[in-house]
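Chemist: Here is my input; please provide its structure:
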Amino acid sequence: MAVNEPLTTTDVQILTVTPAAQQMIHTLLEQRQIPGYALRVFVSGGGCSGLQYGMSFEKEPREFDAVVEASDGVRLVVDPTSLMYLEGATIDFVDSLMGGGFRIDNPNAVSTCGCGHSFKSKDGEESGSGGCGSCSH
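Modeler: Residues are numbered from 1 along each chain as shown. Modelled structure (predicted):
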């Protein structure tokens with residue numbers, strides 16, 4: 001499979017990017033003057049639910065990264081470990097009076113924090129208490 005081809009599993013794209021998220025990614029790439037960069041989407045330990053999402057821009061994918069190319073040329077890269085938690089997820093951008101930002105709708109999450117930035121996976125450990133330090137929930 002070529003690097004720019006979407007990685008698929010059983011004919012289902014591993015990540016979906018909504019048109020609103022694609023537009024915001026384009027806008028951020030233009031503002032930062034880094035055309036051609038890819039958006040890295042990753043999962044790391046932390047947050048009030050045990051795992052948290054992260055995003056950053058990178059010029060090139062790393063070895064073993066999955067590369068997902070949206071219909072308008074937006075590229076996402078995901079490392080193999082994060083891919084286990086993100087398969088089937090949808091990345092959206094929401095802009096509202098209460099604040100906006102990227103939102104990940106993840107079918108692999110069994111619970112999420114009120115802020116939507118951290119989650120617990122099906123095989124995740126139970127976390128001690130609640131309370132997210134980055135939101136009021």
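Chemist: who does the longest helix anywhere in the chain touch, helix- and strand-wise?
Modeler: Longest helix in the chain by number of residues (criterion: DSSP state H): helix 19-31. Helix 19-31 sits against strand 89-94, with contacts defined as 3 or more Cβ pairs under 8 Å, 6 or more residues apart in numbering; DSSP states H and E. No exception for glycine: its C-beta is placed from N, CA and C like everyone else's.
Chemist: same for the strand it packs on, what does it pack against?
Modeler: Against strand 89-94 (3+ Cβ pairs under 8 Å, 6+ apart) you get strand 15-17, helix 19-31, strand 101-105.
Chemist: Give me the angle between that strand and helix 19-31.
Modeler: Interaxial angle of strand 89-94 relative to helix 19-31 (axes from the mean of the first three to the mean of the last three Cα atoms, to 10 degrees): 70 degrees.
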